Each structure stands twice: as C-alpha cells, then as structure tokens.
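Trainee: could you look at this predicted model? Sequence included:
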Amino acid sequence: MPTSDSYHDYLISRLKDPNYAALYLETHFELDEDEDIDPELLRLGLSNVAAALSEGKMTSEEAKQHLEKLDELLSQKGSYVIYNLGVWLNALGLKLTVTVAEKEKDNVENSVIASEVTA
C-alpha cells in the first residue's frame, strides 16, 4: 500500500525555508476588503512557522516556551503587540516589514516620476 506524507508534514518541511515562511505569513496578514480577521488562522500560521523554523535554533523546551509566548502575545491589547510580535518573529530569523500596497505602489511611483519632471 502506498504511503503519503500528511499535508502538515509537507507544510512544515516547506516552511523550513525562511523565504517561504515569510511569504506564507504574508498571506495570513493580508485581508480582502470584506474579509474579517480570523485570530485562530493567524495563530495557526504563526505556530506552523515556529514549528518549522525553531528546529536547529531552539531546544524543544525553548520551542515550547516560544509557542506559549505566542499565545500570551496574541491575547495582548494595544500597540505593544506589534513590537512583541516583531521580537517573537526575530527569534525565528524573520522580521516584520512594511511595504507599499500594490494599488498605492503605482500611485507612489507615478508621483515620484511626476515630481522628477523639470520644465
């Protein structure tokens, strides 16, 4: 009988690539206009990345504590959450960044070009 890996095992193996993990998390942070925030989906995504990237960086006990810290972090309120999430991700070799949204990116590039035109 053929055997197959579970999707979770496959996902964790893919998430060991930090670039893939970053893209995976980026998709968890993006919402469509009419889409509601799903805290459990975000927690699942972050815990999957932690499971993959903690290997080799943390002992199993440290990885367990890191996941416990995630639960604490996601229950916090206020602006400290974003900074604490940045620190949490940094321990896994990732960082939070801000980029220009695609719609806005075109407007910014056009305004930069327009501002460079001299008469």
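Mentor: Received it, and whenever you're ready, just let me know what you need.
Trainee: can we go C-alpha only for contacts and neighbour counts from here?
Mentor: Noted.
Trainee: now residue 20. Nearest residue, chain neighbours left out?
Mentor: Excluding the flanking residues, the one nearest residue 20 by Cα to Cα, 6 or more residues apart in numbering is residue 14, at 6.8 Å.
Trainee: neighbours of that neighbour, how many?
Mentor: Residue 14 has 16 neighbouring residues, counting by other Cα atoms under 10 Å.
Trainee: any idea which element it lies in?
Mentor: In this assignment (DSSP states H and E), residue 14 forms part of helix 7-15.
Trainee: and the residue nearest to residue 51 when sequence neighbours are not counted, how many neighbours?
Mentor: Counting by Cα to Cα, 6+ apart, residue 51 lies nearest to residue 12, which is 7.0 Å off, once chain neighbours are set aside. By the measure other Cα under 10 Å, the count of residues near residue 12 is 17.
Trainee: from now on call the first residue 39
Mentor: Sure thing, new numbering starts at 39, so read that last one as residue 50.
Trainee: how close does residue 50 sit to residue 82?
Mentor: Look at residue 50 and residue 82: by Cα to Cα, to the nearest Å, they are 12 Å apart.
Trainee: same deal with residue 123?
Mentor: Residue 123 is 14 Å from residue 82, by Cα to Cα.
Trainee: phi first, then psi, for the residue positioned nearest the centre of the chain.
Mentor: Nearest to the mean C-alpha position of the chain, by Cα atoms, centre = their mean, lies residue 63 at 2.9 Å. Per-residue torsions, residue 63: phi -70, psi -40 (degrees, to the nearest 10).
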